[in-house]
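Asker: take this sequence and fold it.
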Amino acid sequence: MQIHISPRDIKLTSAIHSYVADKINHLENYSLDLIGAHVAIWHDNAKGNKHAFVVKVHLAVPGPDIHAEDRGHDLYQAIDIVSAKLETQLRQRKSKLVKKNREVARKAKSKRAFAA
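Answerer: Purely as a prediction, here's the structure:
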């Protein structure tokens, strides 16, 4: 999976880069079909210190893409919150796909039973 990080109004240090990469790579545990991720990080000077860091993530997956955004007074806190939101969305997506596959298999099985 490709991860693209776009810092705006902050300096992208190796610590921030590795932290974001670890959090995004961890999302592959929930879905193996992730194509790529675009992470935008910026510091909103108008907010002062309260919720000044904004993290916005766009995950490219087959079908509708997944988006999450959050703010925090600490950059790492905002990254954690966005990661948790993405995990929830990926779990919901996987559950929906599994349910759909089971429904299709159930209908095919019942169709075979009536044909026999």
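Asker: by residue count, what's the longest helix in this structure?
Answerer: Ranked by number of residues, the top helix in the chain under DSSP state H is helix 75-115.
Asker: neighbours around Leu59, how many?
Answerer: Neighbour count of Leu59, defined by other CB atoms under 10 Å: 22. Just so you know, the C-beta spots here come from the backbone N, C-alpha and C atoms, and that holds for glycine as well.
Asker: hmm, Lys85 and it touching each other?
Answerer: No: using CB atoms under 8 Å, Leu59 and Lys85 do not qualify as a contacting pair, with a distance of 10.8 Å.
Asker: Lys85 reaches Asp70, doesn't it?
Answerer: Yes: contact status for Lys85 versus Asp70: in contact at 6.7 Å, counting by CB under 8 Å.
Asker: pick out whichever of the two has more residues nearby.
Answerer: Asp70 (19 against 16).
Asker: who touches the helix or strand where the more buried one lies?
Answerer: If you go by DSSP states H and E, Asp70 is part of strand 66-72. Strand 66-72 is contacted from outside by 44, 47, 51-59, 78, 81-82, 85-86, 89-90, 93, using CB atoms under 8 Å, 6 or more residues apart in numbering.
Asker: and stretch 33-46, by the same measure?
Answerer: For stretch 33-46, using CB under 8 Å, 6+ apart, the contacting residues are 1-10, 12, 16, 20, 24, 27-28, 51-62, 71, 75, 79.
Asker: tilt between the lowest-mean-pLDDT helix or strand in the chain and strand 66-72?
Answerer: Using mean pLDDT, DSSP states H and E, the weakest-scoring helix or strand in the chain turns out to be helix 75-115, at a mean of 92. Relative orientation of helix 75-115 with respect to strand 66-72: 150 degrees, computed using axes from the mean of the first three to the mean of the last three CA atoms, to 10 degrees.
Asker: same for helix 75-115, what does it pack against?
Answerer: Contacts defined by 3 or more CB pairs under 8 Å, 6 or more residues apart in numbering; DSSP states H and E place helix 75-115 against helix 14-26, strand 53-60, strand 66-72.
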